[in-house]
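# Sequence first, predicted coordinates after that:
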Amino acid sequence: MNARSTKQPGFTLIDLVIAIAVLAIGASAFLILMNYSTRNSIDPMMREQAQAIARSYLEEALLNPFCDPDISTDCAATCTVSPCGSPSCSSLETSGGLPDRPNFDDICDYDSINDTSGPVDRDGTPLSPAILGAYNVKVNVVDTGVTLNGLNSNNGQVVRVDVIVTNDNLSDLNVTVSGYKANY
């Protein structure tokens with residue numbers, strides 16, 4: 001009996017090299033997928049944080065009166081053109097020439113907010129945790145060209161508040177939340 005004529009079950013060297021190559025390609029594809037998903041899993045959390053910050057600023061602004069109580073006694077009759085642009089309707093609450101947020105007493109005062117060093121509460125205290133310092137908050141109160149269900153900002157009836165939140169670490173993160181305040 002010849003030793004060459006008996007076939008033994010097993011793998012040849014070529015089978016082994018092909019199996020290792022297929023496993024290596026599969027493992028590297030899996031590792032690339034894991035790296036991509038881990039790197040991008042932080043984005044939804046940061047987007048949710050940005051939305052929460054924006055909603056907080058918007059709620060604070062909308063809770064204030066439409067017209068400045070220090071200036072206008074009859075807001076509906078006085079503010080017939082531009083609630084935020086007319087000196088007879090609103091004045092910016094400042095302290096030493098800078099916006100003084102704790103004294104903001106009407107919606108138009110919020111048009112000056114541009115917190116580029118992180119979100120702060122109404123008293124100016126930075127929100128914690130410290131990682132929130134990478135967020136930038138800008139508030140725009142639009143009082144011209146806004147319409148809402150027949151109300152017109154050009155008649156002093158409505159304004160739109162836009163809160164824009166960005167993040168220094170994510171260039172594509174740009175969250176905008178808007179709300180309306182009517183003169184009633």
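Sure, I can see it. These numbers were taken from a predicted model, which means no experiment stands behind them. Numbering: from 1, shown residues only.
# List the buried residues of the helix ranked longest in the chain.
Looking across the chain with DSSP state H, the single longest helix is helix 13-40. Across helix 13-40, burial judged by 16 or more other Cβ atoms under 10 Å covers no residue at all. No exception for glycine: its C-beta is placed from N, CA and C like everyone else's.
# Now it: average pLDDT?
The pLDDT scores in helix 13-40 average 90.
# Okay, buried residues for the following helix or strand past that helix please.
Note on helix 13-40: by DSSP states H and E, the next helix or strand toward the C-terminus is helix 42-62. Using 16+ other Cβ under 10 Å as the test for burial, helix 42-62 gives Met46, Arg47, Gln49, Ala50, Ala52, Ile53, Ala54, Ser56, Tyr57, Leu58, Glu60, Ala61.
# Show me which of those is closest to Thr176.
Ala54 (7.2 Å; Cβ to Cβ).
# hang on, isn't Gln49 packed against Ala134?
No: the criterion here is Cβ atoms under 8 Å, and Gln49 misses it with Ala134 at 9.7 Å.
# Which neighbours do these two have in common?
Residues touching both Gln49 and Ala134 (Cβ atoms under 8 Å, 6 or more residues apart in numbering): there are none.
# any low-confidence regions in this protein?
Low-confidence segments of the chain (pLDDT under 70): 1-6, 39-42, 71-83, 85-99.
# Apply 50 and report the result again.
96-97 (pLDDT under 50).
# now the strands for it?
94-95, 98-99, 114-115, 135-142, 147-148, 151-152, 158-167, 174-182 (DSSP state E).
# Out of these, which is closest to Ala19?
The closest of the strands of the chain to Ala19 is strand 158-167. By Cβ to Cβ, the value is 45.9 Å.
# residues near the closest residue to Cys84 other than its chain neighbours, how many?
In this structure, Cys84 finds its nearest non-sequential neighbour in Cys108, 3.6 Å apart by Cβ to Cβ, 6 or more residues apart in numbering. The local packing of Cys108 (other Cβ atoms under 10 Å) involves 30 other residues.
# I figured Cys108 hits Asp68, correct?
Yes: using Cβ under 8 Å, Cys108 is in contact with Asp68, at 7.0 Å.
# ok so, going back, okay, the strands of the chain, which one's buried deepest?
strand 158-167 (a mean of 22; mean count of other Cβ atoms under 10 Å).
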